[in-house]
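**Q** okay, here's the prediction I keep looking at, along with the sequence it came from:
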Amino acid sequence: MKTDYEFLTTEINGHILEVTINRPDVMNSLHPPSHREFDEVWSEFTNNEDLWVGIITGAGDRAFSAGNDLKYQASGGDRFRYA
């Protein structure tokens, strides 16, 4: 599994996948580029029979995740579209 995403980090410990949202400067808020990375991570998780549990956490000490990145959205950033 890839570990060097731009907005996420992943670590495998036995049968457990730990995914860390790595955007502490914006309280780990999520935007379309991070959604694309999550899509890739969870696709790999689903296809790996050796992984049984997925844990999501956030980097930094201010917030797990603030939710949607409203500043990114208001700036006209790209939008996530499912194919």
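**A** Cool, got the structure.
**Q** in the helix or strand bottoming out on mean pLDDT in the chain, what counts as buried?
**A** Averaged element by element with mean pLDDT, DSSP states H and E, the chain has its least confident helix or strand at helix 70-74 (a mean of 73). Residues of helix 70-74 classed as buried by neighbour count (16 or more other C-beta atoms under 10 Å): residue 72. Every C-beta, even on glycine, is put in place using the N, C-alpha and C of the backbone.
**Q** using PDB, write out every CA atom in it.
**A** Output of helix 70-74 as PDB, limited to C-alpha atoms (Å, rounded to 0.1, in the frame of the first residue of the first chain):
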ATOM      1  CA  LEU A  70     -15.200  25.700   3.500                       C
ATOM      2  CA  LYS A  71     -12.400  28.100   2.600                       C
ATOM      3  CA  TYR A  72     -11.200  25.900  -0.200                       C
ATOM      4  CA  GLN A  73     -14.700  25.500  -1.500                       C
ATOM      5  CA  ALA A  74     -15.400  29.300  -1.300                       C
END
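**Q** which residues does it contact?
**A** 26, 29, 31-32 (C-beta atoms under 8 Å, 6 or more residues apart in numbering).
**Q** repeat that for 6 Å
**A** Residues outside helix 70-74 that contact it (C-beta atoms under 6 Å, 6 or more residues apart in numbering): residue 31.
**Q** next one: stretch 36-54
**A** 1, 5, 7-8, 15-17, 19.
**Q** buried residues in that stretch, which are they?
**A** So for stretch 36-54, counting by 16+ other C-beta under 10 Å, buried means 37-38, 41, 45, 51.
**Q** just those residues: which are in helices?
**A** Of the positions in those, 37-38, 41, 45 sit in helices, assigned by DSSP state H.
**Q** what's the spacing between residue 28 and residue 8?
**A** Distance of residue 28 to residue 8, computed by C-beta to C-beta, to the nearest Å: 10 Å.
**Q** the more surrounded of those two?
**A** Of the pair residue 28 and residue 8, residue 28 is the one with more neighbours under other C-beta atoms under 10 Å, namely 25 against 21.
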